[in-house]
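Asks: coords below, sequence missing:
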């Protein structure tokens, strides 16, 4: 009986602590309206002929983050149809069925599953990355910078606390069902670097 | 070879043309490549981000990785010497606004490399034709002398 009481008390305390930890996490939203052009998601291909970068400002998502406990969660969505490589014909090719097939797969998604604080503002983030309809688990280092709401945040157009997320990781296109035709092998790399730099504002 | 067994006059002419064009083209391609190499600077395209600088002390989001690029418009340059430790920062927004697609040195090298390979091929083919014609002519000359 006594043991049961201790067990129940422990569970209640644990639940209370967990609730408090969750409650302390602030909710941030990637600002894809007012500060849209400050956000950028990129895909870089380094091939023999050239290195090209496709980029877009069409990023959305929500992040839960507590700068004190350094815990967090979140989901980030990028619109692949808007990725611009600076060459219109290449943009069209990239959107086509042989490549990203943006009509069929209109979102690139990264969903956070686990956040492990490293030193300073660095975190090891593990999550599900979905590209071209294929979801794979990846781990990457993410820099999360936090700035509480004040005159400087307001002066820079942010209504609330601000976090800036910076991340970079490599993927193999074939892992996501995208095959680089041998005819363009010198122009497009088989592995590409995905990077993100984005601001989110507390809600 | 003609029906008479003699070398048509066009063949040595083609050989010499291939040799000269191949050599001249190779020199021109090498000079052009050298010119681009002298103008290429290690460059980092950036998206200017004043908020990043104001709030977090580090502004300007890198666009892609640093590359040896040829960008002749000085207005696009923000800062940087172009050294490995200090790549020249170029405003990507400015490049886009002015429809400047920066030329990469590796693209120049790739293209000139292909051109030079083709031109060396031309030279080899030209040399082969010239030598074959010479050998044929020498043989004909020896046969004529023997007959006389």
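Replies: Noted; the coordinates are in hand. Predicted model only: the values in this text are computed from it and were never measured. Residues are numbered from 1 along each chain as shown, chains lettered A, B, ... in the order given.
Asks: low-scoring stretches of the chain, by residue?
Replies: Using chain A. Residue ranges of chain A with pLDDT under 70: A:1-23.
Asks: Not quite, go with chain B.
Replies: B:1-5.
Asks: Residue nearest the middle of the chain, spatially speaking?
Replies: In the absence of a named chain, this looks at chain A. residue A:76 (4.6 Å; C-alpha atoms, centre = their mean).
Asks: Please refer instead to chain B.
Replies: residue B:112 (1.9 Å).
Asks: re earlier: mind checking which helix or strand the residue lying closest to the residue nearest to the centre of chain A once chain neighbours are set aside is in?
Replies: Distances taken as C-beta to C-beta, 6 or more residues apart in numbering or on different chains place residue A:61 nearest to residue A:76, at 3.8 Å, with adjacent residues excluded. The way it works is simple: take the backbone N, C-alpha and C, and place the C-beta from them, glycine included. Per DSSP states H and E: residue A:61 is located in strand A:59-66.
Asks: List of residues touching whichever helix or strand comes after that strand?
Replies: Remark: after strand A:59-66, the chain's next helix or strand is strand A:71-78, criterion DSSP H and E. Defining contact as C-beta atoms under 8 Å, 6 or more residues apart in numbering or on different chains, one finds that strand A:71-78 is touched by A:21, A:25, A:28, A:30, A:41, A:56, A:58-66, A:107-112, A:115, A:123, A:144, A:165, A:196, A:198.
Asks: Note down every partner strand of the top strand by length along chain A and its orientation.
Replies: Using DSSP state E, we find that the single longest strand of chain A is strand A:134-147. Take DSSP bridges as the rule and strand A:134-147 pairs in its sheet with strand A:122-131 (antiparallel), strand A:162-172 (antiparallel).
Asks: Same question for that strand: list its buried residues.
Replies: A:138, A:140, A:142, A:143, A:144, A:145, A:146, A:147 (16 or more other C-beta atoms under 10 Å in any protein chain shown).
Asks: Between strand A:59-66 and it, find me the angle.
Replies: 60 degrees (axes from the mean of the first three to the mean of the last three C-alpha atoms, to 10 degrees).
Asks: before we move on, the earlier item: in which helix or strand would I find the residue nearest to the centre of chain B?
Replies: Counting by DSSP H and E, residue B:112 is found in helix B:105-147.
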